[in-house]
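**Q** model this:
(one chain, ligands or ions: 1)
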Amino acid sequence: MACGDDGKLSLDSIRDSLIRQEDTIIFNLIERIKFPINPTLYKQQLPPSNISGSFFQYLFQETEALQSKVGRYLSPEENPFFPDNLSDSIIPLTKCTPVLHPAAESVNVNEKILDIYINQMLPLFCTEADDDANFATTAACDIQLLQALSRRIHYGKFVAEVKFRDSTDEYKPFILAQDRDALMKLLTFEAVEEMVKKRVAKKAKVFGQEVTLNDSVEEMKGKIDPLLVSRLYDEWVMPLTKLVEVEYLLRRLD
Ligand SMILES: O=C(O)C(=O)C[C@]1(C(=O)O)C=C[C@@H](O)C=C1
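**A** Okay, here's the model as predicted:
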């Protein structure tokens, strides 16, 4: 959502952005699964070391701190994983009318995303082969992928805002009653979710194809299992997006 795009805010335009973000997530996944899990990266400090926490945490925190200095977290689309570790931006804030309610800043599910990523996603997508010692490169892929997942999931704030603006009378009573279940039901479109699952599986098949100059139409094993990508969206990406939507709506009238 670029600065000044408020007038173009519609459910269709927000969904178009979610569709484009699928490409980023799938390409980043393909990059990450070139490497095994590399568990040492997340578990222990690598010697010699005077850092606290895992090597991955260190790299991620330092990356965020640097990106924060150059304005990454001035964007309402970006949500930090380590908000307590950020430096002020040296880039001045662009003056544009905020699209989201100010309470949006307090909605951040990155702790959940990181936990699911390390403990459930990586074992599902990556081989458990021995560490290959490509720790820094693996972590760089992780950071890109986690930031893409986080951006997609927190886009739920924009989805919720547009749904609230389009159907204020329907949402308002449930927000006033702080009724999570009713909000969840109201914002859910099962047919859309089915389309998303099918589309990401198809994209995974196409993006993961081996491209050769040999014209014989031999089916080759793709770089990524399309069913796993569909499962990623079904079990984590869409439920977390909906959680963000509910959390945002609960605060929308504050
Ligand atoms: O497109 C929407 O309406 C959304 O809220 C996004 C989304 C998703 O995460 O893709 C989430 C909930 C809906 O049930 C359908 C799709």
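**Q** Low-confidence bits of the stretch 151-254 of the chain, can you list those?
**A** 217 (pLDDT under 70).
**Q** try 80
**A** Per-residue confidence for the stretch 151-254 of the chain (pLDDT under 80) gives these ranges: 215-220.
**Q** need the residues of it near the ligand, please.
**A** Residues of the stretch 151-254 of the chain found near the ligand (Cβ under 6 Å from any ligand atom) are 159, 187-189, 192-193, 196, 238, 241-242, 245. (C-beta placed from N, C-alpha, C; glycine too.)
**Q** filter the residues you listed to the buried ones?
**A** Buried members of those, scored by 16 or more other Cβ atoms under 10 Å, are 159, 187, 193, 196, 238, 241-242, 245.
**Q** so which of those comes closest to Ser167?
**A** Leu187 (9.6 Å; Cβ to Cβ).
**Q** so the closest one makes contact with Leu249?
**A** Yes. Using Cβ atoms under 8 Å, Leu187 is in contact with Leu249, at 7.4 Å.
**Q** Give the intersection of the neighbour lists for the two.
**A** By the contact definition Cβ atoms under 8 Å, 6 or more residues apart in numbering, Leu187 and Leu249 are jointly contacted by Ala160.
**Q** mind listing the helices for this protein?
**A** 11-32, 40-43, 55-69, 110-116, 122-125, 135-154, 156-166, 168-176, 180-187, 190-207, 226-232, 238-251 (DSSP state H).
**Q** Would you reformat these as TSV and include distance to Pro102?
**A** Shown next, in TSV, are these (distance: least, Cβ to Cβ, whole Å):
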stretch	distance to Pro102
helix 11-32	20
helix 40-43	34
helix 55-69	20
helix 110-116	19
helix 122-125	35
helix 135-154	15
helix 156-166	11
helix 168-176	15
helix 180-187	19
helix 190-207	28
helix 226-232	32
helix 238-251	9
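**Q** Determine which of the ones you listed approaches Asn79 most closely.
**A** Nearest to Asn79, of these and by Cβ to Cβ, is helix 135-154 at 4.8 Å.
**Q** tell me which residues of the closest one are tucked away?
**A** Those would be 135, 138-154, for helix 135-154 by 16+ other Cβ under 10 Å.
**Q** Repeat that for stretch 244-254.
**A** 244-252.
**Q** Could you do stretch 208-218 as well?
**A** Result for stretch 208-218 [16+ other Cβ under 10 Å]: buried residues Gly208.
**Q** Setting aside sequence neighbours, what's the nearest residue to Glu210?
**A** Counting by Cβ to Cβ, 6 or more residues apart in numbering, Glu210 lies nearest to Met220, which is 4.7 Å off, once chain neighbours are set aside.
**Q** for Thr137, same thing?
**A** Phe35 (7.2 Å).
**Q** and Trp236, how many residues sit next to it?
**A** Using other Cβ atoms under 10 Å, the number of residues around Trp236 comes to 18.
**Q** so what's the backbone phi/psi at Leu9?
**A** phi -70, psi 110 (degrees, to the nearest 10).
**Q** What degree of burial does it show, as a neighbour count?
**A** 15.
**Q** which residues sit in contact with the most centrally placed residue in the chain?
**A** Closest to where the C-alpha atoms of the chain average out (Cα atoms, centre = their mean) is Leu149, at 1.6 Å. For Leu149, the contacting residues are 25, 113, 117, 237, by Cβ under 8 Å, 6+ apart.
**Q** From Lys202, how far out is the residue nearest to Glu210?
**A** In this view, Met220 and Lys202 are 17 Å apart by Cβ to Cβ, to the nearest Å.
**Q** And Leu9, by the same measure?
**A** 28 Å.
**Q** so how many other residues sit close to the residue nearest to Thr137?
**A** The burial count for Phe35: 21, using other Cβ under 10 Å.
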